[in-house]
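Peer 1: Give me the fold of what follows.
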Amino acid sequence: MLNFVSKKISWEVPLSVSDYTKIGQINNFCPYYLMKDRLLEADLCILPYNYVLDSDLREQIKLEL
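Peer 2: The predicted structure is shown next:
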């Protein structure tokens, strides 16, 4: 999925949630899974504090403290 999208988007700049939503609408897939795939390549990820505090959410996104 990522290779298909990467040809159309510059990954050199940060993308907002609305950017991911537009990409998902254009390519007919869920932007959540694209964001999740992009985490593997990210140097920095910004997320709500509840993802850090809640052990279930941490487990879902494989965040280790």
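
Peer 1: make it CA atoms for all contacts and neighbour counts henceforth
Peer 2: Fine.

Peer 1: quick one, helices of the chain?
Peer 2: 2-6, 17-27, 31-38, 49-53, 55-60 (DSSP state H).

Peer 1: Turn these into JSON lines, including mean pLDDT.
Peer 2: JSON lines is the format used below for the helices of the chain (pLDDT from 0 to 100):
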{"stretch": "helix 2-6", "mean pLDDT": "50"}
{"stretch": "helix 17-27", "mean pLDDT": "88"}
{"stretch": "helix 31-38", "mean pLDDT": "85"}
{"stretch": "helix 49-53", "mean pLDDT": "90"}
{"stretch": "helix 55-60", "mean pLDDT": "90"}
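
Peer 1: Please dump those into a markdown table; it should also carry mean neighbour count for every row.
Peer 2: Listed next are the helices of the chain as a markdown table, based on neighbours: other C-alpha atoms under 10 Å:
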| stretch | mean neighbour count |
| --- | --- |
| helix 2-6 | 10 |
| helix 17-27 | 14 |
| helix 31-38 | 14 |
| helix 49-53 | 12 |
| helix 55-60 | 12 |
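
Peer 1: any idea how far residue 21 is from residue 63?
Peer 2: Using C-alpha to C-alpha, to the nearest Å, one obtains 24 Å as the distance from residue 63 to residue 21.
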